[in-house]
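[1] let me see the structure of the following:
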Amino acid sequence: MRHLLSTQDLGRDEATALLDDAERFEQALTGREVRKLPTLRGRTVMTVFYENSTRTRVSFEVAGKWMSADVINVSASSSSVGKGESLRDTVKTLHAAGADALIVRHPASGAPAQIADWTTDSDGEGPAIINAGDGTHEHPTQALLDALTLRQRLGSLDGRRIAIVGDVVHSRVARSNAHLLSTLGAEVVLVAPPTLLPAGVGEWPVTVSGNLDAELPAVDAVMMLRVQAERMNGGFFPSPREYAVRFGLNDRRLAMLSDDAVVLHPGPMLRGMEIGWSVADSPKATVLDQVRNGVHVRMAVLFRLLVGSDSAGAQL
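    Got it, this is the predicted structure:
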């Protein structure tokens with residue numbers, strides 16, 4: 001791996017190896033008074049975020065620092081972007097400044113792939129590019145941490161039925177999870193009103209439903225998506241109240257799930273809309289587990305891209 005741009009670039013063995021490495025990093029850090037490993041000492045990791053973020057940005061920073069990398073945060077609002085500098089010039093500047101990895105979030109779909117092209121030298125060398133979310137396209141490390149959380153709760157994902165519910169059309173998380181979970185053997189069903197399904201969804205490795213109540217009793221996990229009002233122009237549903245009634249996970253619907261089923265949410269949550277207040281804090285909810293797993297997954301990704309070993313096990 002030179003870059004991580006999309007879950008569609010990951011085969012089953014490669015994805016499984018990343019999840020295994022994430023668990024090895026978790027085990028290596030457990031019980032340490034000082035959570036530091038020397039695995040990326042001397043490497044420079046830069047986060048380049050053109051959109052707001054809490055979980056992704058913080059977990060990448062923690063992951064890099066726990067591996068002894070030098071982590072530098074570059075915010076578009078406080079960089080030369082505010083003076084009119086182009087994305088191309090910004091990332092080429094960071095490459096010239098010594099970045100070994102660029103972790104990029106950008107509102108334009110495809111931006112990380114373009115950055116990978118811009119920063120690759122004539123000899124084929126350049127920084128590793130990690131897609132931390134590009135527009136409505138993909139968010140591969142989120143899908144990996146979701147898969148790890150599911151694997152810890154459910155065991156093997158083979159044959160497991162996972163429902164992804166809500167604003168699919170604007171969700172890079174939904175796209176990445178649909179492909180990765182299918183690669184890992186799960187059956188994925190998208191549950192949403194027709195207005196919140198993307199064009200071409202028939203080509204995804206999923207089934208589609210518009211009836212949440214009909215799907216819940218048969219699923220092993222349900223992933224609730226935030227309604228991304230900031231990306232909406234026009235009316236995608238009549239009102240927030242009607243959306244919550246038809247597609248929100250409330251206490252009544254939580255009771256329809258099997259005893260072992262789990263509830264995921266990539267965050268940030270809109271409590272009272274796509275997920276009930278008490279549901280988000282219920283024993284079935286894995287929201288904080290996802291955050292914790294996010295650090296270890298991102299450690300595994302950084303290790304794989306910058307060290308290049310087939311497994312972290314030999315070095316931990």
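
[2] and stretch 31-50, how far apart are its ends?
    36 Å (Cα to Cα, to the nearest Å).

[3] I meant stretch 183-191, not that one.
    With Cα to Cα, one end of stretch 183-191 sits 20 Å from the other.

[4] do the same with stretch 248-268
    15 Å.

[5] ok now that stretch, how far from the chain's centre?
    Remark: stretch 248-268 is offset 19 Å from the chain centroid, using Cα atoms, centre = their mean, to the nearest Å.

[6] was I right to think Asn211 contacts Val191?
    Yes. Asn211 is within contact range of Val191, at 7.5 Å (criterion: Cβ atoms under 8 Å). In short, each C-beta sits where N, CA and C put it, glycine included.

[7] quick one: which of these two has more around it?
    Taking neighbours as other Cβ atoms under 10 Å, Asn211 and Val191 compare with Val191 leading, 28 against 10.

[8] okay, and the beta partners of that one?
    Val165, Ser209 (DSSP bridges).

[9] how much space separates it from Pro240?
    As judged by Cβ to Cβ, to the nearest Å, Val191 and Pro240 stand 18 Å apart.

[10] equivalent analysis for Ser53, please.
    24 Å.

[11] same thing with Met223?
    The gap separating Met223 from Pro240 is 20 Å, by Cβ to Cβ.

[12] again with Arg43
    45 Å.

[13] among the two, which residue is more densely surrounded?
    The neighbour comparison of Arg43 against Pro240 (other Cβ under 10 Å) goes to Arg43, with 20 against 15.

[14] what is the neighbour count of Gln290?
    Residues lying near Gln290 (other Cβ under 10 Å) number 23.

[15] residues contacting it?
    Leu145, Asp146, Thr149, Leu264, His265, Pro266, Gly267 (Cβ atoms under 8 Å, 6 or more residues apart in numbering).

[16] for it, grab phi and psi.
    Note on Gln290: backbone dihedrals following degrees, to the nearest 10 are phi -60, psi -40.

[17] before we move on, what about the one 5 residues further on?
    Note on Val295: backbone dihedrals following degrees, to the nearest 10 are phi -60, psi -50.

[18] skip the chain neighbours and tell me the closest residue to it.
    Ser59 (4.7 Å; Cβ to Cβ, 6 or more residues apart in numbering).

[19] touching, the one you found and Met299? I think so.
    No. Look at Ser59 against Met299 with Cβ under 8 Å: they stay out of range, at 9.2 Å.

[20] neighbour count: these two, which is higher?
    Looking at Ser59 and Met299 with other Cβ under 10 Å, you find the greater number of neighbours at Met299, namely 29 against 25.

[21] ok, now how distant is that one from Phe247?
    Using Cβ to Cβ, Met299 is found at 34 Å from Phe247.

[22] and what of Pro240?
    To Phe247, Pro240 is 11 Å away according to Cβ to Cβ.

[23] what do you get for Gln114?
    Counting by Cβ to Cβ, the gap from Gln114 to Phe247 is 34 Å.

[24] now swap in Gly159 and tell me
    Relative to Phe247, and taking Cβ to Cβ, Gly159 is found at 25 Å.

[25] give me the more crowded residue out of these two.
    Neighbours were counted for Gly159 and for Phe247 using other Cβ under 10 Å; Phe247 has more, 24 against 9.

[26] show me what contacts the more buried one?
    With contact taken as Cβ under 8 Å, 6+ apart, Phe247 is in contact with Val165, Gly166, Val191, Ala192, Pro193, Leu212, Glu274.

[27] count of neighbours near Val307?
    As a burial measure, Val307 scores 13 neighbours (other Cβ under 10 Å).

[28] quick one: it and Leu40 touch, right?
    Yes. Val307 is within contact range of Leu40, at 7.4 Å (criterion: Cβ under 8 Å).
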